[in-house]
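[1] Generate a structure from the sequence data that follows.
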Amino acid sequence: MIKESTIENTNLPAGWLLRDLLEVVFLQEGPGIRKYEYEDGGFPMINVRCVQDGYIDMAKSKSASMKLATTKWKHFQVDEGDILFTISGTIGRSAIVKKSDLPLLMNTSVVRFKSISIDLNTNFLYHYVSSSLFIDKLKNMSTGTAIQNVGPSHLKKMKVPIPPLPQQKQIVSILDKAFAAIDRAKANAEQNLKNAKELFESYLQNVFENKGDDWEEKELSEVTSKIGSGATPRGGKASYKEEGISLIRSMNVHDFQFKQKNLAFIDEQQADNLSNVTIQEEDVLLNITGASIARCCIVPKEYLPARVNQHVSIIRAKNEIINPIFLASLLTSKFFKDQILEIGEQGATRQAITKVQLESFVISFPQEIKEQKVVVENINNLKAETKKLEVIYTQKLADLEEMKKSVLQKAFSGQLNTKN
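    Residues are numbered from 1 along each chain as shown. So this is what the prediction gives:
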């Protein structure tokens, strides 16, 4: 039984105790495993990516030496009912181990908790270590800059509030029901968000796949006055400036959207060396290498003057033949994007599209600019409505997540009404 003499001065309700975590919980960190100790088809080993919020996903797991896992590391084998908790990279993801998850071996990026007190319910402990009360305090003690880390030395400073056992079970029951309802609401919001995006993509596909009788086909070289990519200034990232002329990279170019995050800047001398890839208003940008190949957008004029690096191509439309926004929409549609991706996959070492391949790429479009503008207007209207729905459902998901945090906050500060 927990002795009342160890209670600290807190604002917890009467009958609640506050104990050091390691007084009531067994804590164990996994072993550090070297490369040569991995073994194909060996003992399943959990890592930080395997522990998701509320479940274990072994899709990205590795296997440890079967011999070591069953001898030297036998005491690191996980048991049913253990609480796994990530302590490196993403701190605070947790899950209770089910029988179907076994066998499992721990590693150094994950710890396990196990209640060693008859007065501490495992599910209550799980909900507590999943709460922002616990995780935020732990993060404040973390070390590392690029990757946050905590360990047993930090966890031993943590405490756990412990109400009477019957009340713990009531709290667990309330939280389980509340979270089930919240998860259902999140699933509905996520599906609605997905439906909104798919509706827009389907419309775009239909527009460019089912072309009209008055549409014509031409190569990109026939409807553009420029197709070309830039370069990275000498010195690479180290040569970038805090401000100056924008240097647009593939990370800034997304479908129908320009993202300012990580936008690089160069000085006038560097920009002069890239004068042949000066971006003009309404230029279409297309990523031509790497994982983001075929992403496409038009840069907002507030980011001009600008240049592009070697991973991005400028495609400048001849306005008397094709509307630039129509061209960008066309290249973003699944019908034409799939064709671009197919070209990119022909690269010897990585996905890449050459200038010659772009110049000979065949597109179809209405002969009349007026009709192109009607198509653009319809696309923009639907895109605006889709964006509104995305904002609504994204906010709803954020609100539901905040609701979950709020319920946990109340539960472990004694404010949750367990009588009703």
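
[2] Buried residues of stretch 183-191, list them for me.
    For stretch 183-191, the neighbour count (16 or more other CB atoms under 10 Å) marks 186, 189 as buried. From N, CA and C alone the C-beta is placed, and that goes for glycine too.

[3] Looking at that stretch now, give me its mean pLDDT.
    The average of the pLDDT scores along stretch 183-191 is 92.

[4] Residues contacting that stretch, please?
    393, 396, 397, 400, 401 (CB atoms under 8 Å, 6 or more residues apart in numbering).

[5] low-scoring pLDDT stretches of the stretch 201-350 of the chain, where are they?
    345-350 (pLDDT under 70).

[6] Quick one: the strands in the stretch 1-150 of the chain, in order.
    All strands of the stretch 1-150 of the chain, identified by DSSP state E, counting those that start in this stretch, fall at 17-20, 25-29, 38-45, 51-52, 55-56, 62-64, 83-86, 88-89, 94-96, 110-115, 148-149.

[7] nearest to residue 335, of those?
    strand 51-52 (35.2 Å; CB to CB).

[8] Adjacent strands (with direction) for that closest one?
    Strand pairing for strand 51-52, using DSSP bridges, gives strand 55-56 (antiparallel).

[9] before we move on, the earlier item: widest-spaced pair of the contacts of stretch 183-191?
    Largest separation among these by CB to CB: 393 and 401, giving 12.8 Å.

[10] neighbour-wise, which of these two wins?
    Between residue 393 and residue 401, counting by other CB atoms under 10 Å, residue 393 is the more crowded of the two (20 against 12).

[11] Dump the contacts of stretch 183-191 into CSV; add pLDDT and secondary structure as well.
    Shown next, in CSV, are the contacts of stretch 183-191 (pLDDT from 0 to 100; DSSP: H, G, I helix; E, B strand; the rest coil):
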residue, pLDDT, secondary structure
393, 91, helix
396, 92, helix
397, 90, helix
400, 92, helix
401, 89, helix
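
[12] thinking again about what came up before, got CSV for the strands of the stretch 1-150 of the chain, with distance to residue 77 and mean neighbour count too?
    Output for the strands of the stretch 1-150 of the chain, formatted as CSV (distance: least, CB to CB, whole Å; neighbours: other CB atoms under 10 Å):
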stretch, distance to residue 77, mean neighbour count
strand 17-20, 26, 17
strand 25-29, 11, 17
strand 38-45, 8, 16
strand 51-52, 16, 18
strand 55-56, 14, 16
strand 62-64, 10, 19
strand 83-86, 13, 23
strand 88-89, 20, 17
strand 94-96, 16, 22
strand 110-115, 10, 21
strand 148-149, 24, 16
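
[13] got these as TSV, with mean pLDDT and distance to residue 331 columns?
    Shown next, in TSV, are these (pLDDT from 0 to 100; distance: least, CB to CB, whole Å):
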stretch	mean pLDDT	distance to residue 331
strand 17-20	92	60
strand 25-29	94	50
strand 38-45	92	43
strand 51-52	92	36
strand 55-56	94	39
strand 62-64	91	40
strand 83-86	96	40
strand 88-89	88	36
strand 94-96	95	42
strand 110-115	94	44
strand 148-149	85	40
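
[14] out of those strands, nearest to residue 132?
    strand 94-96 (12.5 Å).

[15] on that earlier part again, so which of the strands of the stretch 1-150 of the chain gets nearest residue 174?
    For residue 174, the closest of these is strand 94-96, at 17.6 Å, according to CB to CB.

[16] show me the contacts for the residue nearest the centre of the chain.
    In the chain, the centroid-proximal residue (CA atoms, centre = their mean) is residue 90; its distance is 11.9 Å. Going by CB under 8 Å, 6+ apart, residue 90 touches residue 48.

[17] what do you get for residue 261?
    If you count contacts by CB under 8 Å, 6+ apart, then residue 261 has 251, 252 around it.

[18] Please, which helix or strand holds it?
    Secondary structure assignment for residue 261, by DSSP states H and E: no helix or strand.

[19] Offset the numbering so it begins at 24, please.
    Renumbered: residue one is now 24, and that last one reads residue 284.

[20] Distance check, it against residue 232.
    Applying CB to CB, to the nearest Å, the value for residue 284 to residue 232 is 33 Å.

[21] next one: residue 429
    47 Å.

[22] Likewise for residue 296?
    42 Å.

[23] okay, the strands of the stretch 24-173 of the chain in TSV with distance to residue 276 next?
    Listed next are the strands of the stretch 24-173 of the chain as TSV, based on distance: least, CB to CB, whole Å:
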stretch	distance to residue 276
strand 40-43	52
strand 48-52	42
strand 61-68	38
strand 74-75	31
strand 78-79	35
strand 85-87	34
strand 106-109	33
strand 111-112	28
strand 117-119	37
strand 133-138	37
strand 171-172	30
